[in-house]
Structure formats: structure tokens, C-alpha cells
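A.B. asks: need coordinates for the following:
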Amino acid sequence: MSPATNEEIWKGKFGDEYTERNKDAYKARWPFWDRFCKSWGFDSVLEVGCNVAPNIGMISAIKENQKDVWGCDINANALWKGRRLEPGLNLVYASALDLPFQDEWFDFVFTAGVLIHLHPDSRERAMQEIIRVSNGYVGAIEYECPEFQEIKYRGLNNVLYKGPWGDIYEKRYGLRPVHKEKLRKDDGWDNCTFWLFAIR
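C.D. replies: Model (predicted):
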């Protein structure tokens with residue numbers, strides 16, 4: 001499967017089914033985002049791969065400011081649902097591999113369960129784009145593993161990987177780690193790791 005084919009899968013029925021299957025998975029995340037926003041207080045935020053925008057919807061509600069909270073995704077159906085659920089948010093149809101934003105545009109750019117679904121040949125392009133559009137901090141909420149480990153997902157190959165995302169951001173791209181924590185399934189995160197990095 002090529003990187004382009006991988007994206008086509010998430011744009012179509014497979015991605016639609018993912019959205020429907022996870023529609024109630026986000027409800028327990030409010031305490032995490034409340035604590036995060038009160039600790040860091042970023043003015044402008046972008047979630048890359050926002051799906052129906054539950055994360056940035058919570059961030060926006062906590063910040064009480066939707067003007068500078070943005071999300072992008074390649075699944076049009078998810079964005080349509082997100083606009084109905086969160087009509088004040090800025091939701092854009094865009095690939096993580098080619099973000100339509102100027103350099104250093106956002107204070108905080110993050111993914112939540114997105115890097116794990118990228119094709120091996122495109123994952124670092126997405127990480128470079130995320131770094132490019134941030135002027136301060138980068139976050140990743142992903143499945144962690146010391147070495148890349150492919151996991152067959154819904155009968156498909158090349159659509160789910162655990163990996164050393166934090167090591168790549170730190171050691172390959174020189175980002176400075178400022179926070180790391182394990183997130184639990186009970187908190188709506190399916191046992192992921194959260195990394196926060198400073199660009200400078």
C-alpha cells in the first residue's frame with residue numbers, strides 16, 4: 001500500500017466507519033484538556049487530524065475563544081459532522097502532509113491518534129509539517145513503542161503502527177521535551193502516551 005492509497009482509505013468508507021465507531025470515545029477527556037489548558041494557556045491551537053473535533057471543541061470551550069482554535073482532516077464526512085457539533089470552530093479539509101498554513105502560525109500544534117495511522121513513507125513528512133506551522137510547541141498523543149511495530153487493523157496492513165514518536169521529535173528534529181505522561185483508557189485515550197515539546 002502506498003502513502004497515497006493510505007490516505008484514500010481514511011478519506012472514504014473506512015474513515016467514515018472509524019468516525020462512527022469512536023463517536024462516544026471522547027467524553028472522558030475533559031479533565032485532561034481542562035488541566036492542560038489551565039497549565040499552558042496557548043492562544044492559538046491546531047489539531048492535525050481532528051476528526052469530528054472533540055478535542056479542539058473542549059479546548060475552545062475551556063479557552064472560551066473559538067477564533068484561534070483550528071482543526072484539519074482528510075475525511076470530509078468527519079469535518080461535516082464536526083461543523084454541526086462545533087459550528088464556531090475553524091475546520092479545514094487538508095492532509096497532514098501538506099498543511100495549508102504559514103510557517104510558525106500556531107502556538108501549539110498536535111495530533112491525537114494520527115501519526116499511528118500514517119504510512120511509513122509519509123509519517124516524517126507529517127511531523128515536519130507539524131513542526132513547520134508551530135511557533136512554540138508540538139504535542140503528540142499516540143501509541144508508544146521503542147521500535148516501530150505494525151499492528152494489523154480491521155484486516156488491513158500499513159494503517160496502524162506503534163512507534164517512538166517522542167524520540168523522533170527530540171532526537172531527529174531537535175525539539176525540547178517539556179512533558180510526558182501515560183494516558184489511560186478510562187480517561188478516553190486508549191492507553192496512549194502524551195508528549196509535549198518546545199520548538200526552541
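
A.B. asks: quick one: contacts for Gly188?
C.D. replies: Contacts for Gly188 were tallied using Cβ atoms under 8 Å, 6 or more residues apart in numbering; they are 25-29, 32. Every C-beta, even on glycine, is put in place using the N, C-alpha and C of the backbone.

A.B. asks: do that again at 7 Å, thanks
C.D. replies: The contact partners of Gly188, by Cβ atoms under 7 Å, 6 or more residues apart in numbering, come to 25-29.

A.B. asks: need phi/psi at the nearest residue to it once chain neighbours are set aside.
C.D. replies: Distances taken as Cβ to Cβ, 6 or more residues apart in numbering place Ala28 nearest to Gly188, at 3.6 Å, with adjacent residues excluded. Dihedral angles of Ala28 (phi, psi; degrees, to the nearest 10) stand at phi -80, psi 0.

A.B. asks: where's Ala28 relative to Glu104, distance?
C.D. replies: Separation of Ala28 from Glu104 (Cβ to Cβ, to the nearest Å): 33 Å.

A.B. asks: then Asn90?
C.D. replies: Spatial separation of Asn90 from Glu104 under the definition Cβ to Cβ is 18 Å.

A.B. asks: tell me where this protein has helices.
C.D. replies: In the chain, helices defined by DSSP state H lie at 3-11, 13-21, 30-40, 54-63, 76-85, 123-132, 165-167, listed in chain order.

A.B. asks: what is the longest one packed up against?
C.D. replies: Here helix 30-40 touches helix 54-63, going by 3 or more Cβ pairs under 7 Å, 6 or more residues apart in numbering; DSSP states H and E.

A.B. asks: check the shortest one too.
C.D. replies: When contacts are defined as 3+ Cβ pairs under 7 Å, 6+ apart, helix 165-167 packs onto strand 134-142.
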